[in-house]
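Below are the sequence and a predicted model; questions follow.
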Amino acid sequence: MSPNGRQLLSGDNAIALAALHAGVALGTGYPGTPSTEILESFSEIGGKAQWSPNEKVALEVGIGVAFGGARSLVTMKHVGLNVAADPLFTAAYTGVSGGLVIVSADDPGMASSQNEQDNRRYAVAAGVPMLEPSDSQEAYDFTLAAFEISERWKMPVILRVTTRVCHSYTVVRRGEPNGTARPPDFVRDIRGRVMIPANARPAHKRLRQKLADIQDGGDTAKFNRLVPGGKELGIITSGISFMHAREAAPDASVLKLGFTHPLPMRQIAEFVKSVERCVVVEEGDPYLVDAIRAAGIIVEGKPEMYRFGELDVSRVRRILDRNLSPEAMKPPGKPPQLCDACQYRLVFTALRERNCIVAGDIGCYTLGVLPPFEAIDSCVCMGASLGVGLGLRHVLPPEQARRVVSVIGDSTFVHSGISGLVEMVYNPPPDGHVLIILDNATTAMTGHQEHPGTGRKLDHEPTNKLVLEDLARSLGIKSVHVIEPRAGTGDFEKLLDDCLASHELCVIIARRPCILIVKRLRGLEQAEQERKECSCPPN
Amino acid sequence: MSAQLTNVVVAGIGGQGVLTASDILADVAMRAGFDVKKSEIKGMSQRGGSVSSEVRFGEAVFSPMVSPGEADFLLVLEPTQVEPNLYILKPGGRLITPDAVDAGKLANRKSLNVALLGALSAHLPLPEAQWLEALREAFPPDFSEHNRQAFLTGRASQARSERVECL
């Protein structure tokens, strides 16, 4: 940090710092680019943070924390909110006591994601307030404010960020810690918290009333900034698009929305009236423009071609110029690939050689789709390898069905593959099925985070360990194999052939730590060993 | 406004120290009192893919991203990455590649990123003392001298006539 209190922080770091200053009692989440660094950073600077098996559980734990009156931060990437949507929608009804802030880190342009869904839609669908910072300073300020809003209105708040906000470093002037002094305490509220229909019906009405009150009240105004400029051009924008717009059109009047649900329609209407031409500049879906038009306000949106990918200054200039000419393609960079020494290269080679039909999953091993392997036939979402593989097995002609294999990593398996494995036991395909769990003892793709199967917590301290083979056997699968894949031995290939020919339900756990964490693992194991030796009872 | 901004793009492949180099540059610019924004795309880059990081500094920076054709400087650590990144350099912008320094003069091949920063530094309005201070803080003491030497080697490699005299 520089002497005058200015600090260059990423958006993720700024959210973590604000969470610390807000007195967050527990941060939960599941790793996912671009959100991962929030909890890691929160833990490093002294906050209590933990990875959950998946985002649904993370949010449920967060709701419990907030029901107990404490402040809770729950982080995830955009697709994680799909997993956590179930608790989100009903937590909007129950409301909370302690502040509950859910960070949805969206990835327009798909730097590292399977889709570019726009989670601003979730705030509308679930009926929760949403704040959208445009740089690290706002990420810090809005996180602090989000806790206050959550407690004032007793409802969860979504802090919606995007890759460029999460991973850009901008100058932050930090404030002082202002955490709640309120000690956690359980207060019984059966009608408010137990969502049986008789309680949920009035709860839904309360929720809609709160949203109407927020929209009518002056609460949202301080998050929405008017940048005065010329009358010829007005721009309504939010998030990172604001920064691009300021640079693309320095003379325009700008209404920068920080509070993007519920929208301040009166403020928007006044702004639109004050300018001759008003363009809505937003990344992703036409969320703002549709809502503004639905309110009967006439504004110009962006052409459909700019719905795809990230915006930048030059694309915003094109939007303002109504330029529909084809955009220059960026030359392709070098694509990522499985590490040269990755132990799982031989798995994909073996699958390819056997012409297997491979239902794949999310993680490093998705890279098995690239040359020279081209050994993955589907990748949909976390845990889908199980269900998709089973569906294929059920309907394909036997000659094809017998070649279907599901491939999943250890962290992804724990995240949402377990239910798929239960499905495999419950509804076995006629010729059985083969599941390969590539257990590299870490969540590799997002930067090597721990998960329940590693036996270590977020801060790498030891905890109870989920043993994958025990779990599979306890579900009733008889053919469970643990093997270390080694090139040149043919062991893995033989096991795969046996399993494919057996027509039974088989689970192969191919286990070897990711080569990138071997050194770290050795250090952790050594430290644990030393601790054990030290804690022996004295003679 | 962009006339008052300096736009630098650092590119290479995963593991070459692209992000470290851009961290140091951003740090120096901040020490020198500028507004700074630095943007990068992580994620898939961790598996040996292309990495690039963009640093912008000046009186006031809005967008953290450098638009195509607007980079004043393009620093490329890996020769194969020159071609895919040239689109971002403005006409007349300066390309700095590993050829800028004599690799034989580096005590440690890994400090190429710092040596190229040294070459870049000769063209930027940022004081040498602040560069050296930022470098000292960026690396563990064991690597400090290597990196200092690498930086100075790179800085000296640029023709004096082209250098920017510092504040």
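Alright, I've got the coordinates.

I'd like to know how many residues surround residue 129.
Because you didn't say which chain, this covers chain A. Per other CB atoms under 10 Å in any protein chain shown, the neighbour tally for A:Pro129 reads 26. Yep, even glycine has a C-beta here, placed from its N, CA and C like the rest.

try chain B instead
The number of residues near B:Ala129, taken as other CB under 10 Å, comes to 11.

Show me the shaky parts of chain A.
Judged by pLDDT under 70, chain A has its weakly predicted residues at A:1-4, A:179-181, A:535-539.

Would you indicate which residues of the longest helix belonging to it are buried?
Longest helix of chain A, by residue count under DSSP state H: helix A:197-216. For helix A:197-216, burial by neighbour count (16 or more other CB atoms under 10 Å in any protein chain shown) applies to A:Asn199, A:Ala203, A:Leu207, A:Lys210, A:Leu211, A:Ile214, A:Gln215.

I'd like the next helix or strand past it.
With elements assigned by DSSP states H and E, the helix or strand that comes after helix A:197-216 is strand A:225-227.

Which elements pack onto that next one?
strand A:252-257 (3 or more CB pairs under 8 Å, 6 or more residues apart in numbering or on different chains; DSSP states H and E).

residue closest to the middle of the chain?
All of this is about chain A. Nearest to the mean C-alpha position of chain A, counting by CA atoms, centre = their mean, stands A:Lys77 at 1.6 Å.

You answered for a different chain; I wanted chain B.
Taking CA atoms, centre = their mean, chain B has its central residue at B:Leu117, 4.5 Å away.

Verify the contact between it and B:Asp23 for me.
No - using CB atoms under 8 Å, B:Leu117 is not in contact with B:Asp23, being 10.4 Å away.

picking that back up, farthest-separated two in the buried residues of helix A:197-216?
Using CB to CB, the pair of the buried residues of helix A:197-216 lying farthest apart is A:Asn199 and A:Gln215, separated by 24.9 Å.

helix/strand/coil for B:Phe73?
For B:Phe73, the assignment made with DSSP: H, G, I helix; E, B strand; the rest coil gives strand.

Surely A:Thr28 is in a helix?
No - using three-state DSSP, the assignment for A:Thr28 is strand, not a helix.

Report the beta-bridge partners for it.
Legend: beta-bridge partners of A:Thr28 under DSSP bridges are A:Gln50, A:Val74.

and it, how many neighbours does it have?
A count of neighbours around A:Thr28, defined by other CB under 10 Å, yields 26.

And the lengthiest helix in chain B, what's buried?
As assigned by DSSP H, the longest helix anywhere in chain B is helix B:141-157. Residues of helix B:141-157 classed as buried by neighbour count (16+ other CB under 10 Å): B:Phe143, B:His146, B:Asn147, B:Arg148, B:Gln149, B:Ala150, B:Phe151, B:Leu152, B:Thr153, B:Gly154, B:Arg155, B:Ser157.

Verify the stated contact: A:Ser136 with A:Ser10.
Yes - here A:Ser136 reaches A:Ser10: they are 6.4 Å apart, a contact under CB under 8 Å.

just how off-centre is the lowest-mean-pLDDT helix or strand in chain B within its chain?
Counting by mean pLDDT, DSSP states H and E, chain B has its least confident helix or strand at helix B:141-157, which shows a mean of 89. The chain centre lies 14 Å from the centre of helix B:141-157; the measure is CA atoms, centre = their mean, to the nearest Å.

other SSEs contacting that helix?
So helix B:141-157, by 3+ CB pairs under 8 Å, 6+ apart, packs with helix B:112-121, helix B:128-138.

circling back to that earlier point, how about the contacts made by the residue nearest to the centre of chain B?
B:Ala21, B:Ile24, B:Leu25, B:Leu75, B:Trp131, B:Phe151, B:Gly154 (CB atoms under 8 Å, 6 or more residues apart in numbering or on different chains).

Look up how far A:Ala248 lies from A:Ile267.
Rather than Ile, residue A:267 is Gln. 23 Å (CB to CB, to the nearest Å).

for chain B, what are the nearby residues on the stretch 401-539 of chain A?
Contact residues (CB under 8 Å from any CB of the partner chain) of the stretch 401-539 of chain A with chain B: A:Met445, A:Thr446, A:Gly447.

Let me have these in a markdown table, extended by neighbour count and distance to A:Val227.
Output for those, formatted as a markdown table (neighbours: other CB atoms under 10 Å in any protein chain shown; distance: CB to CB, whole Å):
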| residue | neighbour count | distance to A:Val227 |
| --- | --- | --- |
| A:Met445 | 27 | 39 |
| A:Thr446 | 24 | 36 |
| A:Gly447 | 16 | 37 |
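
Which one of the buried residues of helix B:141-157 is nearest to chain A?
B:Phe143 (17.8 Å; CB to the nearest CB).

how about that closest one, what does it touch?
B:Phe143 neighbours (CB under 8 Å, 6+ apart): B:Asn108, B:Ser111.

The closest residue to A:Asp185 other than its chain neighbours: what's it in contact with?
Distance criterion CB to CB, 6 or more residues apart in numbering or on different chains; nearest residue to A:Asp185, sequence neighbours excluded, is A:Gly69 at 5.2 Å. With contacts defined as CB under 8 Å, 6+ apart, A:Gly69 is in contact with A:Ser97, A:Gly98, A:Arg182, A:Pro183, A:Pro184, A:Asp185, A:Phe186, A:Val187.

helix, strand or coil for the second one?
At A:Gly98 the chain is in coil, as set by three-state DSSP.

Check the third one too.
Secondary structure of A:Arg182, reduced to three states by three-state DSSP: coil.

Go ahead and report the secondary structure state at the residue nearest to it when sequence neighbours are not counted.
Leaving aside its sequence neighbours, A:Arg182 sits nearest to A:Gly69 (CB to CB, 6+ apart; 6.1 Å). Three-state call for A:Gly69 (three-state DSSP): coil.

ok, A:Gly69 to A:Pro183 distance?
7 Å.

now swap in A:Arg164 and tell me
As judged by CB to CB, A:Arg164 and A:Pro183 stand 39 Å apart.

the more surrounded of these two?
A:Arg164 (31 against 8).

surely the more buried one meets A:Leu311?
No - in this structure, A:Arg164 is not within contact of A:Leu311 by CB under 8 Å, at 9.1 Å.

Between those two, which contacts overlap?
Counting by CB under 8 Å, 6+ apart, the residues touching both A:Arg164 and A:Leu311 are A:Ile240.
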